[in-house]
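Q: Next comes the sequence, and after it the predicted model I'd like to discuss.
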Amino acid sequence: MSGGKKNKVLIVEDDKALLDLYDKKFSHCGYEVIRAEDGQEGVEKAEKSNPDVILLDIMLPVMNGFEVLKKLGKNGVLEKTPVVILSNYGETKNITEGLVSGAVEYLIKVEHTPEEVVNIVEDALSEKESLIGKAFKESA
């Protein structure tokens, strides 16, 4: 990271234990962590804090992750902010909807350790969009 500026990660997750776990992991890896426990709070914090990357759950109180993606897309936040979905839902239609809605990656929680999630987020920060996302845009 250049000039000592920490990358900001917004973690939108309603499971407190998981939120704490990812908060610790990202903080330990040198990130400034912003936390939100529901979709509405996630949108508000994304708009206010302008994070470098967003880690987003799908099943959230108040507003689900797909609604969060749509809201962020409408007000231009997504144009510059990669969103990595971290969900328990691995159905193809959810993955497709997440990626089409603007996420750069769609991860299934049980398939990835916190270390892997940090690595994938770092890749998303350097790439700004996933290979899957690029393929969707090229085929559109």
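A: Yes, it's here.

Q: any idea of the mean pLDDT in the helix or strand containing Glu47?
A: Using DSSP states H and E, Glu47 maps to helix 39-49. What helix 39-49 shows for mean pLDDT is 95.

Q: for stretch 75-93, same thing?
A: 87.

Q: ok, the helix or strand just after the helix holding Glu47: who's next to it in the sheet?
A: Using DSSP H and E, the helix or strand that follows helix 39-49 towards the C-terminus is strand 53-56. Strand pairing for strand 53-56, determined by DSSP bridges: strand 8-12 (parallel), strand 83-87 (parallel).

Q: how far is the last one from where the chain is centred?
A: The reference is to strand 83-87. Strand 83-87 has its C-alpha centroid displaced from the chain centroid by 4 Å (CA atoms, centre = their mean, to the nearest Å).

Q: Which secondary structure elements does the helix holding Glu47 sit against?
A: Applying 3 or more CB pairs under 8 Å, 6 or more residues apart in numbering; DSSP states H and E, one finds that helix 39-49 makes contact with strand 8-12, strand 32-36, strand 53-56, helix 65-74. All C-beta atoms are positioned from the backbone trio N, CA, C, and that covers glycine.

Q: need the contact list for the most centrally placed residue in the chain.
A: Residue closest to the mean C-alpha point of the chain, counted by CA atoms, centre = their mean, is Leu55 at 2.4 Å. By CB atoms under 8 Å, 6 or more residues apart in numbering, the residues touching Leu55 are Val9, Leu10, Ile11, Val12, Glu13, Tyr22, Val84, Leu86, Val117, Val121.
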